[in-house]
Structure formats: structure tokens, C-alpha cells
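In: Would you be able to build a 3D model of this:
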Amino acid sequence: MSDSPKSSLPIVSEESEIAITFKLELPDGTLVEQTEENEPFRFKIGDGTFISNLESLLIGLELGTTAKLTLSPERAFGLPDANNFQTMDKADFPVDMPLEAGHVIGFNTPTGDEIPGTIHEVEGEKVVVDFNHPLAGATIIFSAKIEEIFS
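Out: Numbering: from 1, shown residues only. Purely as a prediction, here's the structure:
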């Protein structure tokens, strides 16, 4: 009996620094984000640069592997949370800012980070802002190729 030959290709681990080319799209073919051709995205697993739910899918893949996965909202960006809708006064926004449903605005958090908020509705002097991830509730198709493994 002989053992099946083991691959000698490097494998992505939980500590790897890697470069990938990837594409995120919706089931209807709408492109959400993708890397430019010949410009792989380089990051270290677990450093917060890349979406952790997607990172975990890369662990264990060999160099050169291409993976294409359809992710339910729970596995991608989560489901919308009603607690992430905030009502604000129109006066809190710059006078020249268009306040229309669907408009995405960057808000500064107390820690100095910026998070996107999508205007959900404008009613009188009140503006309802949705701070859920813009892709919350969406099924995502994630395609990635492991281009390089540095460590």
C-alpha cells in the first residue's frame, strides 16, 4: 500500500500573509467589488483588513486554488438589525447635503472611525439612517484565487 502523494504547494493558514484576486457579486450578476487584473489584494489573515467571514473560507486553500462560493446573508454580511436604524434631526446634517433615500453618508464614530450610513427615509424634520452594512441581508457570490502566500 502506498500513501497518496501529498501536495507540496503552500497552504493558507490562520497566520498567513497572502495575496488574492477576488470578486464579490450579487446573484443577479451585479458587481460589488473586485480586484484589478494583475493587482492582487495583499493582507494578513486576521488583521481586520479583509472581511473575517470571507477570510475563514480561504484558510486551507492551496496556492493557485480558485474558490467560488455562494454565501447566505448570515455567512456574508449578516441580516439587517432593526437596532441599526437611527432617527436624526435634519439640522444634524450640512445644509447643502442631499437627503434622499438610498444616499450613503460617512459618519464619524466617537473613536474616530468612519462608518457608512444609508438614508432610509426622510420625514419632515427627521431623517432615518440605516447603519447596517449596505450588503446586510444580501446573498453574495465570492470568487477568489490564491495568488501568493508569503508566510
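In: separation between the most centrally placed residue in the chain and D130?
Out: Central residue of the chain (C-alpha atoms, centre = their mean): I51, 5.0 Å from the mean position. Distance, I51 to D130, by C-beta to C-beta, to the nearest Å: 19 Å. Heads up, the C-betas are built off the backbone N, CA and C, glycines and all.
In: so how far is the helix or strand bottoming out on mean pLDDT in the chain off the chain centroid?
Out: Taking mean pLDDT, DSSP states H and E as the measure, the chain has helix 52-58 as its least confident helix or strand, at a mean of 87. A distance of 10 Å separates the centroid of the chain from that of helix 52-58, by C-alpha atoms, centre = their mean, to the nearest Å.
In: what's it in contact with?
Out: 12, 18, 20, 45-46, 67, 69, 71, 75-77, 142, 144, 146 (C-beta atoms under 8 Å, 6 or more residues apart in numbering).
In: same question, stretch 67-79
Out: Contacts of stretch 67-79 (C-beta under 8 Å, 6+ apart): 27, 51, 53-54, 57-58, 61, 132-133, 135-145.
In: Please apply the same query to stretch 29-48.
Out: Under the contact criterion C-beta under 8 Å, 6+ apart, stretch 29-48 has outside partners 12-26, 49-50, 52, 55, 58-59, 135, 140, 147-148, 150.
In: just the buried members of those?
Out: Those of those that meet the buried threshold are 12, 16, 18-22, 24, 50, 55, 58, 135, 140, 147, by 16 or more other C-beta atoms under 10 Å.
In: isn't there a helix covering N83?
Out: Yes - under DSSP: H, G, I helix; E, B strand; the rest coil, N83 sits within a helix.
In: how many neighbours does it have?
Out: Neighbour count for N83, taken as other C-beta atoms under 10 Å: 8.
In: What of the one 3 residues further on?
Out: The criterion is other C-beta under 10 Å. On that basis, Q86 has 13 neighbouring residues.
In: tell me which residues of the strand or helix carrying it are tucked away?
Out: For Q86, the host element (DSSP states H and E) is strand 85-89. Neighbour-count burial for strand 85-89, counted by 16+ other C-beta under 10 Å, picks out 85, 88.
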